[in-house]
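Enquirer: Could you look at this predicted model? Sequence included:
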Amino acid sequence: MSSFVSSSRPAASLPLKRADGSAVRVLVVDDERSLTDLLKMALRYEGWEIRTAETGRQALDIAREFRPDAIVLDIMLPDIDGMSVLHRLRADGDDVPVLFLTAKDALDDRIAGLTAGGDDYVTKPFSLEEVVARLRGLIRRSTLTGASSSPVISLGDLTLNEDSHEVSRGGVPIDLTATEYELLRFLMRNPRRVLSKAQILDRVWSYEFQGKSSVVEIYISYLRKKIDAGRPPMIHTVRGAGYLLKVPEAQE
């Protein structure tokens, strides 16, 4: 058993398929064979088609041929690092969701990975259940499972246009600052998922406010005044865990 993965077996869940009904494809990239073998076993249990790579160059070659729906990518690789792999994929126009594997407490790696265009991260040691859950969330939100490729994100009567940066609720335009917009976009890209203050700081501000996580509370308050004022609330606080955005029951 790898020291980087817990022995928890992923719980059974509803099968996730591509838009054409075929098996989801995932590429797992890590130079530790025991870790990739465990991940491959867990992901195949989901009914997914899995390929593995041990180097960055091998990962690029496989990604171009295999066309995965998601990539699990270690940052530390023996040739080119995971960040360089991601840059090359994005330069090729490949917007495949990427879940980074990072060392425990390696905050700089997590920040760099997300700001470079990664979609999420887990830190070692991690549970197989966590990786599967994160991948399912990324794949569900990707265009490869049938989601619209439109720049407009909609949740209930709240819409956000990633091209024009226009936001509205119930058809009424909402004026947001650049930071408020980034915060709302992060929440809308993760609907019904609790996001911790640390995750929000990493993604929206791109660095950690040492001991000043109250900045998140302040901006959540700003957003609530603009998004929820006089309307059924969409932004919710989960005490001790973080914040989530969800559609009011009346709109579901």
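Expert: Great, that's in hand. Residues are numbered from 1 along each chain as shown.
Enquirer: what are the ranges of the strands in this structure?
Expert: With strands called from DSSP state E, the chain shows them at 25-29, 49-53, 70-74, 98-102, 120-123, 152-155, 158-161, 167-169, 172-174, 235-238, 242-245.
Enquirer: In TSV: those strands, plus mean pLDDT, distance to E182 and mean neighbour count.
Expert: To be clear about C-beta, it is placed using only N, CA and C from the backbone, and glycine gets the same treatment. Listed next are the strands of the chain as TSV, based on pLDDT from 0 to 100; distance: least, Cβ to Cβ, whole Å; neighbours: other Cβ atoms under 10 Å:
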stretch	mean pLDDT	distance to E182	mean neighbour count
strand 25-29	96	28	25
strand 49-53	96	32	20
strand 70-74	93	23	27
strand 98-102	85	19	24
strand 120-123	78	16	19
strand 152-155	88	13	16
strand 158-161	92	11	20
strand 167-169	94	12	18
strand 172-174	94	14	12
strand 235-238	94	15	14
strand 242-245	92	14	20
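Enquirer: Specify the residue ranges that define each domain of this protein.
Expert: Using the TED database, the domain parsing of the chain gives 25-144, 152-245.
Enquirer: Could you single out the most deeply buried of those?
Expert: Mean neighbour count (mean count of other Cβ atoms under 10 Å) peaks for domain 25-144 among the domains of the chain, with a mean of 19.
Enquirer: How far off centre is that domain?
Expert: Its chain's average C-alpha position is 11 Å from that of domain 25-144, according to Cα atoms, centre = their mean, to the nearest Å.
Enquirer: For the remainder of this discussion, apply numbering that starts at 450.
Expert: In the new count, where the first residue is 450, that last one comes out as domain 474-593.
Enquirer: The nearest residue to I529 once chain neighbours are set aside and E495: what is the separation?
Expert: Leaving out its chain neighbours, the residue that sits closest to I529 by Cβ to Cβ, 6 or more residues apart in numbering is G505, at 3.7 Å. For G505, the distance to E495 (Cβ to Cβ, to the nearest Å) stands at 25 Å.
Enquirer: Ok, G620 next?
Expert: In terms of Cβ to Cβ, G620 sits 40 Å off from E495.
Enquirer: for V477, same thing?
Expert: 13 Å.
Enquirer: what do you get for V534?
Expert: V534 is 23 Å from E495, by Cβ to Cβ.
Enquirer: can you list the weak-confidence ranges in the stretch 450-599 of the chain?
Expert: 450-464, 468-469, 553-567, 590-599 (pLDDT under 70).
Enquirer: ok, G531 - contacts?
Expert: Each residue near G531 by Cβ atoms under 8 Å, 6 or more residues apart in numbering is listed here: V478, G505, L522, D523, I524, M525, F549, L550, G562.
Enquirer: make it 7 Å
Expert: G505, L522, D523, I524, F549 (Cβ atoms under 7 Å, 6 or more residues apart in numbering).
Enquirer: and what of R585?
Expert: R585 touches L465, counting by Cβ under 7 Å, 6+ apart.
Enquirer: How much space separates it from I669?
Expert: Distance of R585 to I669, computed by Cβ to Cβ: 26 Å.
Enquirer: Same check on Y692?
Expert: Distance of Y692 to I669, given as Cβ to Cβ: 6 Å.
Enquirer: Dump stretch 627-640 to CSV, restricted to CA.
Expert: Provided in CSV are the C-alpha atoms of stretch 627-640 (Å, rounded to 0.1, in the frame of the first residue of the first chain):
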residue,chain,number,x,y,z
ALA,A,627,-13.2,42.4,-10.4
THR,A,628,-12.6,40.5,-7.2
GLU,A,629,-16.4,40.0,-6.5
TYR,A,630,-16.7,38.7,-10.1
GLU,A,631,-13.9,36.1,-9.6
LEU,A,632,-15.3,35.0,-6.3
LEU,A,633,-18.8,34.6,-7.8
ARG,A,634,-17.4,32.7,-10.8
PHE,A,635,-15.5,30.3,-8.5
LEU,A,636,-18.7,29.7,-6.6
MET,A,637,-20.8,29.2,-9.7
ARG,A,638,-18.2,26.8,-11.2
ASN,A,639,-18.6,24.7,-8.0
PRO,A,640,-22.4,24.7,-7.4
